[in-house]
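Asks: using only what follows, build the 3D model:
(chains A and B)
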Amino acid sequence: MSSIPSNLKYLDSHEWARVESDGTVTIGISDHAQGALGDLVFVEVPEVGRALTKGGAAAVVESVKAASDVYSPVSGQVIANNSEALSATPELVNSDPYGQGWLFKVKPSNSGELSSLLDAKAYEKVVEEAGH
Amino acid sequence: MGFKTPLYETHVAAGARMVDFGGWDMPVHYGSQIEEHHAVRRDAGMFDVSHMLIADVSGARARDYLRHLLANDVAKLKDPGKALYSCMLNERGGVVDDLITYFGDNEHFRVVVNAGTRDKDTAWLKRWAGPFQVDIQPRTDLAMVAVQGPNARAKAAKVIGKSADAVLGMKPFFSRQLEHHFVATTGYTGEDGWEVILPAKDIAAFWAALRDAGVQQCGLGARDTLRLEAGMNLYGNDMDENLTPLESGLTWTVAFDPADRDFIGRAALEAQRRGGVPRKLVGLVLEDRGVLRSHQKVVVSGVGDGEMTSGTFSPTLERSIGFARVPAATGEQVQVDIRGKLLAARVVKYPFVRNGKALI
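Replies: This next block holds a predicted model:
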């Protein structure tokens, strides 16, 4: 069973979002997503300063087998990305999807969007249904 | 739900991620595709290839039949057990499938064709059989495992037992029917190793014994990265019914000599050769960061456009490699359109990797 931390919010397209104490949002892909993709070999993250919209394509993760878009769970400006670590070791997304394998951080422009994200319980249902 | 090989339950029990491949439920990996890839390059790995179709061709004129059916010439096969890689073509010179033919004697051959084309191939084999009065026997009672890697022979021999002594020193591209196992020194990885054919009912026990002998189970994911590194074409990606072997990097597999051998597609290939082959298949190494994938557009400055036919991240080379079909005049440098960015790629001779060593 894949891990789904209860302190995070999720999109049904398998991204996670963590609201930090300063109000910024850290974004990555879920354990289920990395497992489905297999060994990651290339990650393309958005540049700092780029404006993202909720649900818009923001990053690309590529496994040996295929490339997948990563959608931003919130609108806002990119204030940091994990490109330094992930360009050398994209497999961090496999080994530590909720930690060292984070993708980018956003300063949200509309914090109301956060409430529309899935909680861990609702996301668990999405994953279960994807398994059938 | 797709077709299942006799090893389906074994794969599921081992935790394999199953995917559809040409209508078959097959394992794509058992955990890590990259680890499975490295196991084959460095030690020994095994693949369930029972989805491929084995067919026995027999009859007094079996040799003449295959000389007509195949673009390569089975008359080259003189030693019993010798294997031959060939395309079979349609009348337009397009590739119906690629296959390996094992030579028993002039009246008995065994062919192994791709899974996704089984039905089409069976119909094609039978369509041309009539005048030669050959018997085409699909061997759905058999199953096949490829054991590949520098230590594959030694490990598989231990499992097979005493009878394997006879094939331990067998040269590449040969086969031999042992007491119980049909063993061939063929494969799709660029490594030493065997492809072993057994009665379907015995294959699960053979697989389990290989696993106990330390052979890594490998899925179709690793099979694809291994074959690409080895510079081997994949039917449906790198060639199909609308492309000739001359446009698919397979000219070496077409036996134009002797000139009077009338094989299906010959006239079309000769016409194409006279007119000039417009496109060629080349190997590419991506110089920028990213991953080549099939169907990406290839831009050849001053020459024209082409298309990626296969592409992946090479675990051995730790960079992206692929095949592209490009205009014949393409030189050494091209660009590949990856999500709207033109990235630099270099044309290289393939194989990219052979027997564990990088060749580029």
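
Asks: can you tell me the SS state at residue B:187?
Replies: Three-state assignment for residue B:187 (DSSP: H, G, I helix; E, B strand; the rest coil): coil.

Asks: just checking, it touches residue B:145?
Replies: No. If you go by C-beta atoms under 8 Å, residue B:187 and residue B:145 don't touch, sitting 11.0 Å apart. Every residue, glycine included, has its C-beta placed from N, CA and C.

Asks: quick check: closest non-adjacent residue to residue A:17.
Replies: residue A:73 (4.1 Å; C-beta to C-beta, 6 or more residues apart in numbering or on different chains).

Asks: ok, now which ones touch the one you found?
Replies: Contacts for residue A:73 were tallied using C-beta atoms under 8 Å, 6 or more residues apart in numbering or on different chains; they are A:9-11, A:15-17, A:25, A:27, A:54, A:113, A:117.

Asks: and the residue of the stretch 51-200 of chain B that's closest to chain A?
Replies: The minimum distance from the stretch 51-200 of chain B to chain A, using C-beta to the nearest C-beta, falls at residue B:189 (15.1 Å).

Asks: pLDDT value on that residue, please?
Replies: With respect to pLDDT, residue B:189 scores 98.

Asks: over to residue A:132?
Replies: Looking at residue A:132, its pLDDT reads 54.

Asks: same check on residue A:111?
Replies: 84.

Asks: skipping adjacent residues, who's closest to it in space?
Replies: Of all residues beyond its chain neighbours, the one nearest residue A:111 is residue A:23 (7.1 Å), with distances taken as C-beta to C-beta, 6+ apart.

Asks: tally of neighbours for the one you found?
Replies: When neighbours are defined as other C-beta atoms under 10 Å in any protein chain shown, residue A:23 has 10 of them.

Asks: then residue B:136?
Replies: Neighbour count of residue B:136, defined by other C-beta under 10 Å: 20.

Asks: next up, phi/psi of it, please.
Replies: Note on residue B:136: its backbone torsions stand at phi -110, psi 110 [degrees, to the nearest 10].

Asks: which non-adjacent residue is nearest it?
Replies: Nearest residue to residue B:136, sequence neighbours excluded (C-beta to C-beta, 6+ apart): residue B:125, at 4.9 Å.

Asks: can you list contacts of stretch B:74-86?
Replies: Here stretch B:74-86 has contacts from B:63, B:66-67, B:70-72, B:98-105, B:109, B:170, B:173-176, B:184-186, B:253, B:255, B:261, using C-beta under 8 Å, 6+ apart.

Asks: re earlier: give me the pLDDT value at the residue nearest to residue A:17.
Replies: 96.

Asks: and it, that's in a helix?
Replies: No. Per three-state DSSP, residue A:73 lies outside any helix segment and is coil.

Asks: and it, how far from chain B?
Replies: Using C-beta to the nearest C-beta, to the nearest Å, residue A:73 is found at 21 Å from chain B.

Asks: roughly how far apart are that residue and residue A:103?
Replies: As for residue A:73, its distance to residue A:103 is 11 Å (criterion: C-beta to C-beta, to the nearest Å).

Asks: mutual contacts of the two, please.
Replies: residue A:27.

Asks: near chain A, which residues of the stretch 251-360 of chain B are found?
Replies: B:289-291, B:293, B:312-313, B:315, B:320, B:339 (C-beta under 8 Å from any C-beta of the partner chain).

Asks: which of these lies closest to chain A?
Replies: Nearest to chain A among these: residue B:313, at 3.9 Å, using C-beta to the nearest C-beta.

Asks: one step back: need the overlap of contacts for residue B:187 and residue B:145.
Replies: Common neighbours of residue B:187 and residue B:145, using C-beta under 8 Å, 6+ apart, are residue B:195.

Asks: re the thing from before, what secondary structure does the residue nearest to residue B:136 sit in?
Replies: At residue B:125 the chain is in helix, as set by three-state DSSP.

Asks: can you give me the neighbour number for it?
Replies: Using other C-beta under 10 Å, residue B:125 is surrounded by 24 other residues.

Asks: dig out what the most centrally placed residue in chain A forms beta bridges with.
Replies: Taking C-alpha atoms, centre = their mean, the centroid of chain A lies closest to residue A:28, which sits 2.3 Å from it. Counting by DSSP bridges, residue A:28 is bridged to residue A:16.

Asks: contacting residues for it?
Replies: Here residue A:28 is in contact with A:15-16, A:93, A:97-98, A:101-103 (C-beta under 8 Å, 6+ apart).

Asks: what does residue B:136 give?
Replies: Listed by C-beta under 8 Å, 6+ apart, the contact partners of residue B:136 are B:55-57, B:122, B:125-126, B:129.

Asks: do you know how far residue A:59 is from residue A:46?
Replies: When residue A:59 is compared with residue A:46 (using C-beta to C-beta), they lie 6 Å apart.

Asks: ugh, wrong one, I meant residue A:128
Replies: 30 Å.

Asks: more neighbours: these two, which one.
Replies: Between residue A:128 and residue A:46, residue A:46 has the larger neighbour count (other C-beta under 10 Å), namely 23 against 11.

Asks: report pLDDT for the nearest residue to residue A:102 once chain neighbours are set aside.
Replies: Spatial nearest neighbour of residue A:102, chain neighbours left out: residue A:28 (4.5 Å); criterion: C-beta to C-beta, 6+ apart. Looking at residue A:28, its pLDDT is 98.

Asks: same thing with residue B:161?
Replies: In this model, residue B:161 is scored at 97, pLDDT.

Asks: now residue A:1
Replies: pLDDT, residue A:1: 67.

Asks: how about the strands in chain A?
Replies: Assigned by DSSP state E, chain A shows strands spanning A:9-10, A:15-19, A:25-29, A:40-44, A:51-52, A:57-63, A:67-71, A:76-81, A:104-108.

Asks: give the contact list for the residue in chain A that chain B sits nearest to.
Replies: Nearest residue of chain A to chain B, counting by C-beta to the nearest C-beta: residue A:41, 3.9 Å away. With contacts defined as C-beta under 8 Å, 6+ apart, residue A:41 is in contact with A:62-64, A:90-91, B:34, B:291, B:313.

Asks: same check, this time on residue A:94
Replies: A:34, A:39-40, A:101.

Asks: again, only using 10 Å
Replies: Contacts here follow C-beta atoms under 10 Å, 6 or more residues apart in numbering or on different chains; on that basis residue A:94 touches A:29, A:31, A:34-35, A:37-40, A:63, A:101, B:32, B:34.
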